[in-house]
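A.B. asks: below: sequence and its predicted model.
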Amino acid sequence: MLIEHGNANQKDSANQQSYIPENAKPNEQKTERDDFEVSVSVIMPTYNRPDMLVTAVRSVLAQTFRSFEIIVVNDCGMDVGGILMGLDTENRITYVRHGKNRGLGAARNTGIRLARGKYIAYLDDDDVFYPNHLETLVSYLKVTGGDVAYSDAHQAHQVMEHQAYVTKSRRVLYSFDFDYDRILYENFIPVLCIVHKKECIDKVGFFDETLHTHEDWELWIRMSRRYRFEHVKMVTSEFTTRGDGSQMTSSRINSFVETTKRIYETHKALVATRPDLQTQQQRTLEARVRWGTGSAVAELSSLKTFMDEVIHLVEQSDIAKALALYDQQRPGFHTDDPSLAKFDVLIGSIRSKVQASKV
């Protein structure tokens, strides 16, 4: 059954303490769905990408774990109600429309407030879950009694061919056990990888709707101060990137820099006695500023120096320092240079051999 929530007459200003906007729940046509058991609520914001939305929704409908609902939040884009009605053969989709464009944070918050599941999962409209995604993470949380778990995701690199985007390669860009220090200076968990108990939001608050980017990272910081994050080392989802600039406008790059500054300022108390983390924050910020100004030549020169230093340590058999240097500096490079992709594969192979030797 499709439940369409009409005009979301919500104030855009957020409560700065709890990040909960006033009058947050949309006016709705209430329809009882108590006969449908829900363990997981998948929150899916969308904005003017109907073809991708269909692929994303179908990836959730294909899950091996069947106790879920999908809450699609249209952030004042073109209407997709008819599309969703055609997909909703099992009465799993709730469709919400914002009366004005309010951003990812607000869209996710709207979905969370309507969620009936014990667990919350996230999927943007240009990404997909693999069939075992929910089963893998929910089963892990049920067995361990944990609150937050995340898996790995493929980064699917797409290029335009014959007026259509085609996936040319897939690789795992992020696969790190949770580091409670590292999260204070950079994000290393794509939002689609996370599943957490809904009650976590009750304790730490909702997404900060005043952040135009990095709203997920900021929430993970707050959540990580109260809950343990568990890493399930399995690839269970996929997010897309494109090298033609269609996803990353100059305004969005600038937003990355500004929201990074704001997040550091908001949580400065957490690093007040940690000069090492303050240094890491400064390095991360400088890398983003450098990339945002378009200094690609300087970026590539710095990249070569970085790779040469890591390789030198490997050749000296100082593998621990090589991996530490890689983990420290790799997130600062955002180029699509093919040599970096090969370098990532090499380091991944070295890391795997080290881990295997410890078993």
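C.D. replies: Good, I have the coordinates. Numbers count the residues shown, from 1 in each chain.
A.B. asks: and residue 340, how many neighbours?
C.D. replies: Per other Cβ atoms under 10 Å, the neighbour tally for residue 340 reads 18. For glycine as for every other residue, the C-beta is placed from the backbone atoms N, C-alpha and C.
A.B. asks: what's the answer for residue 146, then?
C.D. replies: Using other Cβ under 10 Å, the number of residues around residue 146 comes to 17.
A.B. asks: same check on residue 325?
C.D. replies: 16.
A.B. asks: tell me the secondary structure for it?
C.D. replies: Following DSSP: H, G, I helix; E, B strand; the rest coil, residue 325 is assigned to helix.
A.B. asks: am I right that it is in contact with residue 313?
C.D. replies: Yes: with contact defined as Cβ atoms under 8 Å, residue 325 reaches residue 313; the gap is 6.5 Å.
A.B. asks: can you give me the strands in the chain?
C.D. replies: Assigned by DSSP state E, the chain shows strands spanning 3-8, 40-46, 68-74, 93-98, 119-122, 128-129, 148-161, 164-172, 194-197, 229-242.
A.B. asks: quick one: which of those is nearest residue 181?
C.D. replies: strand 229-242 (12.7 Å; Cβ to Cβ).
A.B. asks: which other helices and strands contact the closest one?
C.D. replies: Judged by 3 or more Cβ pairs under 8 Å, 6 or more residues apart in numbering; DSSP states H and E, strand 229-242 is in contact with strand 128-129, helix 133-144, strand 148-161, strand 164-172.
A.B. asks: mind putting the ones you listed into TSV with mean pLDDT, distance to residue 349 and mean neighbour count?
C.D. replies: Shown next, in TSV, are the helices and strands packed on strand 229-242 (pLDDT from 0 to 100; distance: least, Cβ to Cβ, whole Å; neighbours: other Cβ atoms under 10 Å):
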stretch	mean pLDDT	distance to residue 349	mean neighbour count
strand 128-129	98	27	23
helix 133-144	98	24	18
strand 148-161	91	16	19
strand 164-172	87	12	12
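A.B. asks: could you report the neighbour count for residue 66?
C.D. replies: A count of nearby residues for residue 66, using other Cβ under 10 Å, gives 13.
A.B. asks: tell me the predicted confidence for it.
C.D. replies: For residue 66, the model assigns a pLDDT of 96.
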